[in-house]
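Enquirer: Sharing a model that was predicted from the sequence below.
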Amino acid sequence: QVQLVESGGGLVQAGGSLRLSCAASGLTFSTYTMGWFRQAPGKEREFVGAILRTGDKTSYADSVKGRFTITRDNAKKTVYLQMNSLKPVDTAVYYCAARLDFSDHFYTDDANYRYRGRGTQVTVSS
């Protein structure tokens with residue numbers, strides 16, 4: 001059974017930082033592209049960023065580029081989302097998602113990811 005479990009969310013002031021983790025189990029982690037998505041109340045889920053299975057390439061939404069960084073540790077089956085210079089508009093539930101993929105293509109629609117976690121809440125106060 002595949003599980004993706006996010007952690008690290010919380011309440012932070014604007015300008016602060018958080019690091020989210022997503023621990024995977026039940027899959028061959030090193031063969032999956034990992035994505036991060038977020039959904040704010042009343043809004044559609046949106047792509048935050050993704051990292052290829054090898055960890056050598058990443059892609060980010062324009063709204064977080066330069067502030068967020070995605071890394072992964074295949075030995076620990078974990079992907080991370082480092083969020084710096086947080087803004088109130090970053091408030092959302094953050095999800096990780098996994099897609100079995102051997103290509104270099106990044107998918108920004110979470111419908112293209114086979115598995116998704118339950119999410120962790122990030123709240124940024126002004």
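Expert: All right, it came through fine. Numbers count the residues shown, from 1 in each chain.
Enquirer: all contacts plus neighbour counts: C-alpha atoms, from now on.
Expert: Fine.
Enquirer: Beta-bridge partners for the residue lying closest to residue 108 once chain neighbours are set aside, please?
Expert: Leaving out its chain neighbours, the residue that sits closest to residue 108 by C-alpha to C-alpha, 6 or more residues apart in numbering is residue 47, at 5.4 Å. For residue 47, the beta-bridge partners under DSSP bridges are residue 37.
Enquirer: Quick check: residue 47 vs residue 126, distance?
Expert: Residue 47 sits at a distance of 23 Å from residue 126 (criterion: C-alpha to C-alpha, to the nearest Å).
Enquirer: quick one: the residue nearest to residue 108 and residue 109 touch, right?
Expert: Yes - at 6.8 Å, residue 47 counts as touching residue 109 under the criterion of C-alpha atoms under 8 Å.
Enquirer: Neighbour count: these two, which is higher?
Expert: Counted by other C-alpha atoms under 10 Å, residue 47 and residue 109 do not tie: residue 47 has more neighbours, with 23 against 12.
Enquirer: got a list of what the more buried one touches?
Expert: Applying C-alpha atoms under 8 Å, 6 or more residues apart in numbering to residue 47 gives the contacts 35-38, 60-61, 108-110.
Enquirer: Run through the residues that contact the most centrally placed residue in the chain.
Expert: The geometric centre of the chain, computed from its C-alpha atoms, lies nearest to residue 36 (C-alpha atoms, centre = their mean), at 2.3 Å. The neighbours of residue 36, taking C-alpha under 8 Å, 6+ apart as the test, are 47-50, 81, 94-97.
Enquirer: Just to be sure, which of those residues are found in strands?
Expert: Among the contacts of residue 36, the members falling in strands (DSSP state E) are 47-50, 81, 94-97.
Enquirer: how near is the spatially closest residue to residue 51 that is not a sequence neighbour to residue 1?
Expert: Distances taken as C-alpha to C-alpha, 6+ apart put residue 58 closest to residue 51, at 4.4 Å, once the chain neighbours are dropped. Here the criterion is C-alpha to C-alpha. By it, residue 58 lies 27 Å from residue 1.
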